[in-house]
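1. Just the structure for this:
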Amino acid sequence: MGLISKRGIFNGSECTYSLFKAYASDNTQHWYISIVPHGRLRGTSIDIDFYSASATPKSHICPPSNGWKKATVGMHPPPSIQVFLETTHHH
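-> Okay, here's the model as predicted:
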């Protein structure tokens, strides 16, 4: 699973919220719900991070349903995530 994004408003301005997996500063993989500045690489210190969750063997491909923690600008309680995978049927 790559980047998932959704347009929205943050502090009165249009933005793109992103859900993605990246390496943290301690070289462990985490999932993040963040705003990545336009034209910049995701997973850097300039992201506006709302929530993060550890990428475990079970959540290596898809983000975990729970276990999310509030990051810099997130609010309590952290979200629960539901992932629905689309299947393509060939006829």
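
2. Need the residue closest to the centroid of this protein.
-> For the chain, the residue nearest the mean C-alpha position is L19 (2.5 Å; C-alpha atoms, centre = their mean).

3. any idea which element that one lies in?
-> In the assignment (DSSP states H and E), L19 maps to strand 13-23.

4. Listing request: residues of this protein with sub-threshold pLDDT.
-> 1-2, 88-91 (pLDDT under 70).

5. just the strands in it please.
-> For the chain, the strands defined by DSSP state E cover 4-10, 13-23, 29-35, 48-54, 69-70.

6. can I get these in CSV with distance to P79?
-> No exception for glycine: its C-beta is placed from N, CA and C like everyone else's. Shown next, in CSV, are these (distance: least, C-beta to C-beta, whole Å):
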stretch, distance to P79
strand 4-10, 13
strand 13-23, 10
strand 29-35, 7
strand 48-54, 6
strand 69-70, 10
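
7. could you list every residue that touches the closest residue to E14 other than its chain neighbours?
-> Closest residue to E14 apart from its sequence neighbours, by C-beta to C-beta, 6 or more residues apart in numbering: R7 at 6.7 Å. R7 makes contacts with E14, C15, T16, Y17, as judged by C-beta atoms under 8 Å, 6 or more residues apart in numbering.

8. returning to that earlier point: ok, and which of the strands of the chain has the densest surroundings?
-> Neighbour counts (mean count of other C-beta atoms under 10 Å) averaged over each of the strands of the chain peak at strand 29-35, with a mean of 21.
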